[in-house]
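[1] This is the structure alone, sequence omitted:
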């Protein structure tokens, strides 16, 4: 046991010694590399200065000439580096995206994420070289460092923006997210990113810590809430719309207050865009979708048919009882042959059983031309190939008006496409209007000259 304990102690001591030596060697290498890097940068950025001084130029002139040549060379190097890195980055990832089955990388290329990433190398290069190049001009160096720090912050924001756009496009390509208001959430994240970026930029300009600005924002919360009132309301409304599933992208909605009657094409943080059927665009504040009423036709589109609800105005004076000759004539109409025979037989049995005097039609029970026509309409609709038989089919008489007695047709076409729906409805009413004279009925028509 003593031997084993000794071996363990020796191993631990050796391990600690080896770790210490490795750390020491790493630090030495790091210091050496840093020293060589600083020496190399000084020699590189001061090369023309030393050259001009050795040629007899004054130190002040040599400094300006060194700076002028150095900046010119740096601009050329940065331009070449930016072009090369961009071309290499984009070409590599485009080739990878074309071979990949995943579409996410395709959207990264589309939103130029790799173009923005390629700017990191030239920007990092100029930030490293700038202090050595402007060593003799500390004031200009401080302003340029501030400028490029701001550029670095803006570049990071651009990269994050392109990534957020990529997530937005990718989610929209998925069936489960295609009709969701993804734009609203992306815009909220972008507001947050730009707010953080603005705080960092102001912190860099003023030289004050970030917490100072955050404290000031807390004190100005009431003003901020007032400024971003519409944005906050829009964000809350977007969440309510998504959670309650009141509106989706692609829904047909009608909002008479804003003249909107068409398909929803976009839901973002501040507004909902509706493309009307005349191809105009109506913009509705997102918040109004939760605070005001509107009509969403999605239920109709998801159902088995599109409603037909239209009335025929029958001239009231043309409504009358049917004589025996009229009944015989109407029995020849195939759709109502069985109904007319059965109904007339039932009526005759009733009138005979109650000794009804039928010398006058008003006595007892009778068929009327309006009643038989109503049955004909329902029978015609039930046999129509483009009417949904599983939904309500009805013809009903409404209250008489000064323009006649309305006979309302209520049914559902099995084709919901607008153009086809209109054609089906027109064919139905063409037939019914043509059929009205067979029942000795008349359609009401206002004739100004005749009325006067």
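    Received the coordinates, thanks. Since the model is a prediction, treat every value here as computed from it, not as a measurement. Numbering: from 1, shown residues only.
[2] okay, and for the stretch 101-250 of the chain, where does confidence drop off?
    179, 213-214, 216-222, 224-225, 227 (pLDDT under 70).
[3] Can you show me the helices along it?
    Secondary structure of the stretch 101-250 of the chain (DSSP state H, counting those that start in this stretch): helices at 104-110, 113-118, 120-133, 138-173, 182-206, 210-219, 221-227, 229-244.
[4] what's the most buried one of those helices?
    When you average the neighbours per residue for each of the helices of the stretch 101-250 of the chain (mean count of other Cβ atoms under 10 Å), helix 113-118 leads with a mean of 20. (C-beta placed from N, C-alpha, C; glycine too.)
[5] what's downstream of the helix or strand containing residue 308, the next helix or strand?
    For residue 308, the enclosing helix or strand under DSSP states H and E is strand 306-314. Once the chain leaves strand 306-314, the next helix or strand it forms, by DSSP H and E, is helix 324-330.
[6] which other helices and strands contact that following helix?
    helix 337-353 (3 or more Cβ pairs under 8 Å, 6 or more residues apart in numbering; DSSP states H and E).
[7] any residues touching the helix it packs on, and which ones?
    With contacts defined as Cβ atoms under 8 Å, 6 or more residues apart in numbering, helix 337-353 is touched by 327, 330-331, 333, 356, 358, 363-367, 372, 375, 379.
[8] For residue 258, which non-adjacent residue is spatially closest?
    Nearest non-adjacent residue to residue 258, counting by Cβ to Cβ, 6 or more residues apart in numbering: residue 284, 5.2 Å away.
[9] elements contacting the helix or strand containing that neighbour?
    Assessed by DSSP H and E, residue 284 sits inside strand 281-285. With contacts defined as 3+ Cβ pairs under 8 Å, 6+ apart, the secondary structure elements packing on strand 281-285 are strand 260-267, strand 271-276.
[10] For that strand, which strands pair with it and how are they oriented?
    With DSSP bridges as the criterion, the sheet partners recorded for strand 281-285 are strand 271-276 (antiparallel).
[11] Buried residues, the partner strand. List them.
    Of the residues in strand 271-276, those buried by neighbour count under the rule 16 or more other Cβ atoms under 10 Å are 271, 272, 273, 274.
[12] what's the closest of these to residue 398?
    residue 274 (33.3 Å; Cβ to Cβ).
[13] which residue packs closest to the residue nearest to the spatial centre of the chain, ignoring adjacent ones?
    What sits nearest the mean C-alpha location of the chain, by Cα atoms, centre = their mean, is residue 266, with 3.7 Å. Excluding its sequence neighbours, the residue lying closest to residue 266 (Cβ to Cβ, 6+ apart) is residue 273, at 4.2 Å.
[14] pretty sure that neighbour contacts residue 260?
    No: proximity of residue 273 to residue 260 does not meet the contact threshold set by Cβ atoms under 8 Å, at 9.5 Å.
[15] intersection of neighbour lists for the two?
    residue 282.
[16] so who does residue 373 touch?
    407, 435, 436, 439, 441.
[17] possible to save those residues as TSV with distance to residue 345?
    Written out in TSV, the entries for the contacts of residue 373 read as follows (distance: Cβ to Cβ, whole Å):
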residue	distance to residue 345
407	26
435	24
436	26
439	20
441	24
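[18] Tell me which of those fall in helices.
    Secondary structure of the contacts of residue 373 is defined by DSSP state H; positions in helices are residue 435.
[19] Could you identify which of the contacts of residue 373 has the most neighbours?
    Looking at the contacts of residue 373 with neighbours defined as other Cβ atoms under 10 Å, the largest count falls to residue 439 at 25 neighbours.
[20] per-residue pLDDT, that residue?
    pLDDT for residue 439: 94.
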